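Visitor: Return atomic coordinates for the entry below.
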Amino acid sequence: MNNTINKLNKSVLEVARLVLTFLVMLVIVAPGGWIFYNAFRHNVDIQSRPAVWAPNFTLDNFAAIFGEVGEGFVPIMQYLSNSLIISITSTVIALIIGISGGYAFARYKFKYKKKLFLYLMLTRTVPGVAMSLPIFIMFAKVGIIDTKIGIILFYVALNIPFTIWLVEGFFLQIPKDLYEAAIIDGCTRWEAFWKIEFPLAKSGIASAAIFAFLIAWNEFAIVSQLSRSIDSKTLPVGLLDFTSEFTINWAGMCAFSVIMIVPAVVLTFIVQKHLVAGLTFGGVKG
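Guide: Just a heads-up that it's a prediction; the model follows:
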């Protein structure tokens, strides 16, 4: 009897857990689903009161973005090119510096190490909006407002502290015995890092890369202040092209958002095994 009750309780708890998980995921996915749904609707249906729920799908919103039908053309290919150049370049630079910094913090002892690491982490506590004015003034004096170089420099500075912190944690998990054994076997310091430590830390490096890329790909507040023309505008800033003085083209904005979201989602699925993979250590026996 007790076994039956215990099994019943476990079943009820499992069902409750699944229901709760479903509800939480529904809340998380609902905004994206609503954007995707409206991307294929007419703007009059989206803005109508009372709301029109009956599906009346169309591809005109996407065609209008590329200038094939109606109004609403935006230079999406230029914005896409800008986003790719800025996101990829800033991610690569941040990774190179972040891997070097993270490895140094994990493996070497030097003066003011803890204080310097704490200072890097404190830079992440400052809201991006609070930095917009000083960054704008500084970049204006240097003359890199409305340039890809200026935006890349900002994202590199934004992503380096987080990259160092994340990569440093993964290098700390790698036993020192591994690279010391490699050096004893005749490897140089660089060979020990590249052949032994780097492959073991690739999950952390991949995680840092995807986070740095997504930050540069999705960020809006700062880049909207630093860009003025289509030569430097990224996809998030390009959403402003759908706003006017009195109206907003919600359908076009949703279609544009779908185009912007898809590459990020695809990239996340490609590297998801690295995002969830843990490091397995078996090279050192106790």
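Visitor: Any stretches of this structure with poor pLDDT?
Guide: Residues of the chain that meet the criterion pLDDT under 70 lie in 1-6, 68-73, 245, 273-286.
Visitor: Enumerate the positions of the longest helix anywhere in it that are buried.
Guide: Longest helix in the chain, counting residues (DSSP state H): helix 2-38. Applying a neighbour-count criterion of 16 or more other C-beta atoms under 10 Å, one finds 35, 36, 38 buried in helix 2-38. Every residue, glycine included, has its C-beta placed from N, CA and C.
Visitor: what do you get for stretch 202-221?
Guide: 203-213, 215-217, 219.
Visitor: Stretch 162-169 too?
Guide: Buried positions in stretch 162-169, judged by neighbour count with 16+ other C-beta under 10 Å: 162, 163, 164, 165, 166, 167, 168.
Visitor: Look at the closest residue to the first one other than its chain neighbours and say how many residues are nearby.
Guide: Looking back up the chat, that one is residue 162. Nearest-residue entry for residue 162: residue 124, 6.2 Å, with adjacent residues in sequence omitted and distances by C-beta to C-beta, 6 or more residues apart in numbering. Counted by other C-beta atoms under 10 Å, the residues lying close to residue 124 total 11.
Visitor: Please determine how far residue 124 is located from residue 89.
Guide: For residue 124, the distance to residue 89 equals 21 Å [C-beta to C-beta, to the nearest Å].
Visitor: what does residue 61 give?
Guide: For residue 61, the distance to residue 89 - C-beta to C-beta - is 31 Å.
Visitor: neighbour-wise, which of those two wins?
Guide: residue 61 (25 against 17).
Visitor: Flag every buried residue along the helix or strand hosting that one.
Guide: Using DSSP states H and E, residue 61 maps to helix 60-65. Buried residues in helix 60-65, counted by 16+ other C-beta under 10 Å: 60, 61, 62, 64, 65.
Visitor: and the next helix or strand after it, which residues are buried?
Guide: Downstream of helix 60-65, the next assigned helix or strand under DSSP H and E is helix 76-107. With burial defined by 16+ other C-beta under 10 Å, the residues of helix 76-107 counted as buried are 76, 79-80, 82-83, 86-87, 89-91, 93-95, 97-99, 101-107.
Visitor: Flag every buried residue along stretch 255-275.
Guide: Under the neighbour-count criterion of 16+ other C-beta under 10 Å, stretch 255-275 has 255, 256, 257, 258, 259, 260, 261, 263, 264, 267, 271 buried.
Visitor: quick one: contacts for the residue nearest to the third one when sequence neighbours are not counted?
Guide: It refers to residue 257. Spatial nearest neighbour of residue 257, excluding adjacent residues (C-beta to C-beta, 6+ apart): residue 35 at 5.2 Å. By C-beta atoms under 8 Å, 6 or more residues apart in numbering, the contact set of residue 35 is 254, 257, 258, 261.
Visitor: which element is the second one on?
Guide: By that I understand residue 257. Applying DSSP H and E, one finds residue 257 within helix 250-270.
Visitor: thinking residue 183 is in contact with residue 189, fair?
Guide: Yes: with contacts counted by C-beta atoms under 8 Å, residue 183 reaches residue 189, the gap being 6.9 Å.
Visitor: Looking at these two, which one has more neighbours?
Guide: Neighbours per residue, other C-beta under 10 Å: of residue 183 and residue 189, the larger number sits with residue 183, 14 against 11.
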